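Visitor: attaching a predicted model along with its sequence, questions to come.
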Amino acid sequence: MQSLTPYPRVSLKSVIRTNSPSSTKRVVAPSRMVVKSAYRFDSASAVANAEIKFSGEVGSTRADWQSTCAILASKVALQQKDGHKTLDLVPKPVTISDLLPAPIHGSTIRVAYQGVPGAYSEAAAGKAYPNCEAIPCDQFEVAFQAVELWIADRAVLPVENSLGGSIHRNYDLLLRHNLHIVGEVQLPVHHCLLALPGVTAEHLTRVISHPQALSQCEHTLTQLGLAAAREAVDDTAGAAEFIATKNLRDTAAVASSRAAELYGLEILADGVQDDSSNVTRFVVLAREPVVPRTDRPFKTSVVFAAPDGEGMSALFKVLSSFAFRNINLTKIESRPHRNQPIRVVEDGESGTAKHFEYLYYVDFEASMAEANAQNALAEVREFTSFLRVLGSYPMDMTPWCPSKRA
Ligand SMILES: O=C(O)C(=O)C[C@]1(C(=O)O)C=C[C@@H](O)C=C1
């Protein structure tokens with residue numbers, strides 16, 4: 001997949017070199033700053049060279065933001081290496097603030113998302129936290145890291161779409177990182193075909209967008225009769241921005257109407273998704289879990305693995321644990337088991353069978369505060385070799401309305 005984002009690629013090594021000592025900084029992301037994944041560097045010398053104090057003052061420049069990311073990252077790396085934990089890194093006990101939609105630490109909540117301004121993920125962040133500071137990240141993994149390194153308070157990441165299906169990368173990352181699902185957002189997604197002013201369909205030789213967005217518009221784009229190749233890029237709004245900055249008169253982007261406004265493009269076709277009920281589901285991630293409740297609808301997400309050789313029969317038993325308790329499953333997804341993807345079964349006569357091993361992700365409609373759910377999971381533990389609760393969180397109950405222009 002091509003990466004078209006024209007934002008400067010920030011390596012933390014270079015940030016440290018250009019850092020001015022004795023400045024006083026605060027974590028503030030300028031609105032068009034993109035956080036890049038470059039957290040591997042010599043943390044000890046980074047801290048020694050940088051000598052930045054954190055005082056809570058507002059740093060408003062991009063350099064401020066870059067330095068702050070570098071220092072935060074280096075502090076975490078250092079403390080982890082030394083086995084030394086500061087107050088910031090000790091898991092905090094759950095407090096009343098965890099029951100509230102946003103932390104009450106006095107400042108604007110910072111929400112990391114993948115993409116650039118105008119991306120649907122930014123809209124999802126705004127739906128979850130209306131007055132948040134949305135922090136653009138160039139990859140999903142960077143959004144996870146931004147929360148882990150305290151650069152952001154939350155990450156909002158897409159996990160499935162009603163037309164395109166699951167966003168597998170984020171399922172894999174959920175397991176690799178230790179963040180908790182604390183909420184979900186269902187966002188109606190209304191795509192537009194965007195191009196530079198004056199460009200018409202006949203000029204187009206290619207249409208670029210996020211692969212999910214292209215797949216959600218596959219039939220409509222074909223019906224429009226465009227003689228244009230489709231090319232996948234990192235995100236929808238990034239595609240629009242690329243066309244604008246490179247002045248591409250032969251290229252259109254599938255993106256939101258907000259992206260058209262932000263990057264000065266025109267809407268060639270409105271509502272190009274193959275179905276008007278196109279919805280993407282996002283999960284909200286945080287460093288600490290929310291306290292599960294029973295006074296409103298909750299969902300719980302878990303991931304488990306079957307014991308050796310018991311793949312489908314263990315899955316059957318797990319499903320029955322939920323079914324016998326009338327707990328409704330809303331989602332099941334299997335992913336290759338990364339550590340042991342294949343089980344080899346030797347049979348002297350007929351050769352060697354190779355079975356694929358899977359991890360199963362299941363969402364069910366119950367709160368971990370309910371005895372029913374606790375009993376189901378106690379039983380599931382008996383049937384599985386590995387079980388992790390990814391989060392128990394309030395369901396998005398906003399009334400349904402088909403996608404319309406963002
Ligand atoms: O590219 C964007 O705008 C995104 O927010 C990403 C993404 C995705 O990953 O599925 C999110 C929602 C839409 O389904 C299309 C793309």
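Guide: Structure's in. What do you need?
Visitor: what about the nearest residue to Leu196 once chain neighbours are set aside, neighbour count?
Guide: Closest residue in space to Leu196, ignoring its immediate chain neighbours: Arg249 at 5.7 Å, by Cβ to Cβ, 6 or more residues apart in numbering. For the C-beta atoms, the positions are set from N, CA and C on the backbone; glycine is no exception. Using other Cβ atoms under 10 Å, Arg249 has 14 other residues around it.
Visitor: same thing with the one 10 residues further on?
Guide: When neighbours are defined as other Cβ under 10 Å, Ala259 has 31 of them.
Visitor: and the residue nearest to it when sequence neighbours are not counted, how far from Arg296?
Guide: Distance criterion Cβ to Cβ, 6+ apart; nearest residue to Ala259, sequence neighbours excluded, is Gly118 at 3.4 Å. As judged by Cβ to Cβ, to the nearest Å, Gly118 and Arg296 stand 32 Å apart.
Visitor: quick one: which of these two has more around it?
Guide: Taking other Cβ under 10 Å, Gly118 and Arg296 do not tie; Gly118 has more neighbours (25 against 9).
Visitor: ok, the residue nearest to Ala259 - contacts?
Guide: Thr236, Ala237, Ala240, Glu241, Ala255, Ser256, Arg258, Ala259, Glu261, Leu262, Tyr263 (Cβ atoms under 8 Å, 6 or more residues apart in numbering).
Visitor: with adjacent residues omitted, what lies nearest to the fifth one?
Guide: Taking Cβ to Cβ, 6+ apart, and ignoring the residues beside it in sequence, Ala255 has Thr236 as its nearest neighbour in space, at 3.9 Å.
Visitor: thinking again about what came up before, quick check: the residue nearest to Ala259 is in a helix.
Guide: No. The assignment for Gly118 by DSSP: H, G, I helix; E, B strand; the rest coil gives coil, which leaves it out of any helix.
Visitor: circling back: wait, doesn't the residue nearest to Ala255 sit right on Ala119?
Guide: Yes. The criterion here is Cβ atoms under 8 Å, and Thr236 meets it with Ala119 at 5.9 Å.
Visitor: anything in contact with each of the two?
Guide: Contacts common to Thr236 and Ala119, judged by Cβ under 8 Å, 6+ apart, are Ser256, Ala259.
Visitor: ok so, going back, TSV for the contacts of Gly118, including pLDDT?
Guide: Listed next are these as TSV, based on pLDDT from 0 to 100:
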residue	pLDDT
Thr236	97
Ala237	97
Ala240	98
Glu241	97
Ala255	98
Ser256	98
Arg258	97
Ala259	98
Glu261	98
Leu262	98
Tyr263	98
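Visitor: what's the closest of those to Val362?
Guide: For the contacts of Gly118, the closest approach to Val362 (Cβ to Cβ) belongs to Thr236, at 29.4 Å.
Visitor: which residues does the closest one contact?
Guide: Thr236 sits next to 115, 118-120, 191, 209-210, 213, 253-256, 259 when contact means Cβ under 8 Å, 6+ apart.
Visitor: which of those residues are close to the ligand?
Guide: Near the ligand, judged by Cβ under 6 Å from any ligand atom, the entries from the contacts of Thr236 are Gly115, Ala119, Tyr120, His210, Ala213.
Visitor: can I get the residues you listed in JSON lines including distance to Phe386?
Guide: Below are the ones next to the ligand among the contacts of Thr236 laid out as JSON lines (distance: Cβ to Cβ, whole Å):
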{"residue": "Gly115", "distance to Phe386": "32"}
{"residue": "Ala119", "distance to Phe386": "34"}
{"residue": "Tyr120", "distance to Phe386": "33"}
{"residue": "His210", "distance to Phe386": "32"}
{"residue": "Ala213", "distance to Phe386": "34"}
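Visitor: correct me if wrong: Gln179 contacts Ala146.
Guide: Residue 179: Leu, not Gln. No. Counting by Cβ under 8 Å, Leu179 does not reach Ala146; the two are 10.5 Å apart.
Visitor: comparing the two, which residue is more hemmed in?
Guide: Ala146 (28 against 23).
Visitor: what residues are up against the residue nearest to Leu196?
Guide: By Cβ under 8 Å, 6+ apart, the neighbours of Arg249 are Ala195, Leu196, Gly198, Val199, His203.
Visitor: let's see that with 7 Å instead.
Guide: Neighbour list for Arg249: Leu196, Val199, His203 [criterion: Cβ atoms under 7 Å, 6 or more residues apart in numbering].
Visitor: run through the residues of the protein sitting next to the ligand.
Guide: Going by Cβ under 6 Å from any ligand atom, the residues of the chain near the ligand are 115, 119-121, 158, 161, 167, 189, 210, 212-213, 235-237, 280.
Visitor: give me the ChimeraX select line for those residues, limited to the buried ones.
Guide: The buried residues among these can be selected in ChimeraX (16 or more other Cβ atoms under 10 Å) with this line:
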select :115,119,120,121,158,161,167,189,210,212,213,235,236,237,280
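Visitor: which ones among the residues of the chain next to the ligand are found in helices?
Guide: The helices, defined by DSSP state H, take in Tyr120, Ser121, Gln212, Ala213, Thr236, Ala237 from the residues of the chain next to the ligand.
Visitor: farthest pair within the residues you listed?
Guide: Gln212 and Ala237 (13.2 Å).
Visitor: quick one, phi/psi of the residue nearest to Asp275 when sequence neighbours are not counted?
Guide: Once flanking residues are discounted, Asp275 sits nearest to Leu163: 5.9 Å by Cβ to Cβ, 6+ apart. Reported as degrees, to the nearest 10, the phi and psi values for Leu163 are phi -100, psi -40.
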